[in-house]
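J.: Here is the input, now give the coordinates:
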Amino acid sequence: MNFNASRYELFLKLVNDKSDEIKNQFEMDQIDIDIPLNKFQWTPLQIAAYRGNMVLVDYFLHKGANKDYKNPSGFNAEMLARSQGHQDVSDFIGEFVSMSIEVLSQ
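T.: Here you go, the predicted structure:
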């Protein structure tokens, strides 16, 4: 993946827990919710999960982020959260079912 300044800026905001700025940027710029942001091809959901940021994890999941996406190392967001001791975030991701699936199954 080539260096991209706007992706790197998003990555830094996620790492530094700039939740409001991130949500605003995703809304205003209509950014792909599953865009890989760093050289490890982590998605915004994976970075938020790794950092234990429940606010952003919830936001990304409700926006339709793919919770099952695995980076090239084979880790999904749930695994990354658990690896850092964020069991509450890991459990939340594991139990999350998107509204569209719930509605279809009723």
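
J.: Low-confidence ranges, the protein, go.
T.: 1-3, 98-106 (pLDDT under 70).

J.: Would you map the helices across the chain?
T.: Assigned by DSSP state H, the chain shows helices spanning 5-15, 19-29, 44-51, 54-62, 77-83, 87-95, 99-105.

J.: So for residue 71, which of those helices sits nearest?
T.: Residue 71 lies closest, by C-beta to C-beta, to one member of the helices of the chain: helix 44-51, at 6.5 Å. The C-beta positions use only the backbone N, C-alpha and C, and glycine is treated the same way.

J.: Could you pull up the contacting residues of the one residue sitting closest to the centre of the chain?
T.: Nearest to the geometric centre of the chain sits residue 45, at 0.6 Å (C-alpha atoms, centre = their mean). By C-beta atoms under 8 Å, 6 or more residues apart in numbering, the residues touching residue 45 are 33-34, 56-57, 60-61, 65-67, 69, 77, 93.

J.: Could you identify the buried members of these?
T.: 33, 56-57, 60-61, 65-67, 69, 77, 93 (16 or more other C-beta atoms under 10 Å).

J.: Closest to residue 24 out of these?
T.: residue 56 (12.1 Å).

J.: and the closest one, what does it touch?
T.: So residue 56 contacts 14, 19, 22-23, 44-45, 48 (C-beta under 8 Å, 6+ apart).

J.: Could you rerun that using 7 Å?
T.: 19, 22, 48 (C-beta atoms under 7 Å, 6 or more residues apart in numbering).

J.: Would you mind giving the residues you listed as a markdown table with neighbour count added?
T.: Below are the contacts of residue 56 laid out as a markdown table (neighbours: other C-beta atoms under 10 Å):
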| residue | neighbour count |
| --- | --- |
| 19 | 16 |
| 22 | 23 |
| 48 | 31 |
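
J.: Thanks a lot, see you next time.
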